[in-house]
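Engineer: sequence-free structure coming up:
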């Protein structure tokens, strides 16, 4: 049996995905960092951004 998909309610999209790209796709602006400096992968510079200099670390899914 294939999964059944249902479109999201417009009110839900307007509330939680307030940004829209030129193609009409909706997205949410979010902070990708967590409080405090960490050693290891989540404390490394990524794409030229050094979050440890700001007293933060990258919030990696599954590490919280």
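Structural biologist: Thanks, I have it. Just so it is clear, the structure is predicted and the values come from calculations on it, not from any experiment.

Engineer: In the protein, where is pLDDT below threshold?
Structural biologist: 61-64 (pLDDT under 70).

Engineer: Quick one: the helices in it, in order.
Structural biologist: In the chain, the helices defined using DSSP state H lie at 10-16.

Engineer: What sits closest to residue 28 if chain neighbours are left out?
Structural biologist: Nearest non-adjacent residue to residue 28, counting by C-beta to C-beta, 6 or more residues apart in numbering: residue 17, 5.2 Å away. Just so you know, the C-beta spots here come from the backbone N, C-alpha and C atoms, and that holds for glycine as well.

Engineer: In stretch 47-58, which residues are buried?
Structural biologist: 51-52, 56-58 (16 or more other C-beta atoms under 10 Å).

Engineer: from those, which ones fall inside strands?
Structural biologist: Taking DSSP state E as the definition of strands, these contribute 56-58.

Engineer: Pick the one among those residues closest to residue 25.
Structural biologist: Lowest distance from residue 25 to these (C-beta to C-beta) belongs to residue 58, with 24.1 Å.

Engineer: how much space between the closest residue to the closest one other than its chain neighbours and residue 28?
Structural biologist: Excluding the flanking residues, the one nearest residue 58 by C-beta to C-beta, 6+ apart is residue 42, at 4.6 Å. Applying C-beta to C-beta, to the nearest Å, the value for residue 42 to residue 28 is 21 Å.

Engineer: Neighbour count: the two, which is higher?
Structural biologist: residue 42 (19 against 9; other C-beta atoms under 10 Å).

Engineer: State the distance from that one to residue 51.
Structural biologist: Distance from residue 42 to residue 51, by C-beta to C-beta: 9 Å.

Engineer: Also residue 60?
Structural biologist: 12 Å.

Engineer: same check, this time on residue 34
Structural biologist: Distance of residue 34 to residue 51, given as C-beta to C-beta: 9 Å.
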